[in-house]
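Q: Just need the structure, nothing else, for what follows:
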Amino acid sequence: MIKKRIIPTLLLQNGKLVKTRNFKIPKYIGDPTNTVKIFNDLGVDELIIQDINIDLLKNENINFKTLQSLASECFMPLSYGGGIKSLKDAEKIFKIGFEKIIINTASFLDNSFLSRLIKNFGSQSIIHSIDVKKNLFRKYIIYTNSGKKKINVSLDQWLHKINEIEVGEVIITSIDREGTWSGFDLDLVSYVSEFMKMPVIANGGCGSKEHLKKIFNLTNASAAAVGSMFLYQKQNMGVLINYFDENEITEIFNEL
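A: I've put the predicted structure just below:
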């Protein structure tokens, strides 16, 4: 049985830590390096870090200096996504100290990119990110470029393709739920986690321990990515970097 995981997720913009709602209106949180230090002290098992400011369509580059600073302060496994467009980018990120890379936009621009990454670095180090939101007909539509560009490939078609490529993990994000504290899109996560051969990380909407219990009890997701709940005191309140203590984690997983 795959161990269930709860993963704090940090968003970067211009080297600063921010939080969005529905992928829009980034709000300043603080210094990402200090935040990583706090999560270290809180005993977090792993972190996801994504840069939302890099536009591959404009050929913008990764801020390796910030990534180096984060990796030097972090003692848990790190995953990074944002602007990775070549094997050279990936190699540099791994050398800095990140264990996994997250690929979204580049996989749609270059259909062979994920396969080449897997061949060079192994599937266990590659996470494929899929961002979706519902259209007026309640159909899930894939978006790339931090939710700015709609992709004319159906979710079913793309999931079939990714199953064939066999990446290490898939992170599925509901843009409609992201940053809302309203709970995960259980229908979306349930469908994707049953469809895929590899572990699936649910992302978007977590606002309580009850939401985590539901995502693990009602879907086959292997992990839950959490942003707002670990960055704020409560919804619509000030910044307070936090995480669960051992008793709270035990409470969540004991009910599975």
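
Q: pLDDT (mean, whole number) over stretch 180-199?
A: Average pLDDT, stretch 180-199: 97.

Q: Alpha carbons of it, as CSV, please.
A: Output in CSV follows, covering the C-alpha atoms of stretch 180-199 (Å, rounded to 0.1, in the frame of the first residue of the first chain):
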residue,chain,number,x,y,z
THR,A,180,-10.6,29.0,-2.1
TRP,A,181,-10.5,26.9,1.1
SER,A,182,-13.7,25.2,-0.2
GLY,A,183,-12.3,21.6,-0.4
PHE,A,184,-10.8,19.5,-3.2
ASP,A,185,-12.8,18.7,-6.3
LEU,A,186,-13.5,15.1,-5.3
ASP,A,187,-15.1,14.1,-8.6
LEU,A,188,-12.0,15.3,-10.5
VAL,A,189,-9.5,13.7,-8.2
SER,A,190,-11.5,10.5,-8.0
TYR,A,191,-11.7,10.2,-11.8
VAL,A,192,-8.0,11.0,-12.4
SER,A,193,-6.7,8.8,-9.5
GLU,A,194,-8.7,5.8,-10.7
PHE,A,195,-7.6,6.4,-14.3
MET,A,196,-3.9,6.7,-13.8
LYS,A,197,-1.3,3.9,-13.2
MET,A,198,1.0,6.1,-11.2
PRO,A,199,0.4,7.9,-7.8
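
Q: If we go by neighbour counts, what in that stretch is buried?
A: Using 16 or more other Cβ atoms under 10 Å as the test for burial, stretch 180-199 gives 180-186, 188-193, 195-196, 198-199. C-betas here are computed from N, CA, C, even on glycine.

Q: Spell out the residue ranges of the helices in the stretch 51-200 of the chain.
A: For the stretch 51-200 of the chain, the helices defined by DSSP state H, counting those that start in this stretch occupy 64-73, 87-96, 105-109, 113-121, 155-165, 186-195.

Q: Serialize those helices to a markdown table and add fields for distance to residue 222.
A: Formatted as a markdown table, the helices of the stretch 51-200 of the chain follow (distance: least, Cβ to Cβ, whole Å):
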| stretch | distance to residue 222 |
| --- | --- |
| helix 64-73 | 24 |
| helix 87-96 | 22 |
| helix 105-109 | 20 |
| helix 113-121 | 19 |
| helix 155-165 | 15 |
| helix 186-195 | 8 |
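
Q: Residue 215: which of these is closest?
A: Set against residue 215 and scored by Cβ to Cβ, those come closest in helix 186-195, at 6.3 Å.

Q: Name the surrounding residues that touch the very next helix or strand once past the closest one.
A: Of the helices and strands lying after helix 186-195 in sequence (DSSP states H and E), the nearest is strand 200-203. By Cβ atoms under 8 Å, 6 or more residues apart in numbering, the surrounding residues in contact with strand 200-203 are 7, 9, 127, 169-174, 178, 184, 189, 192-193, 215, 219-225.
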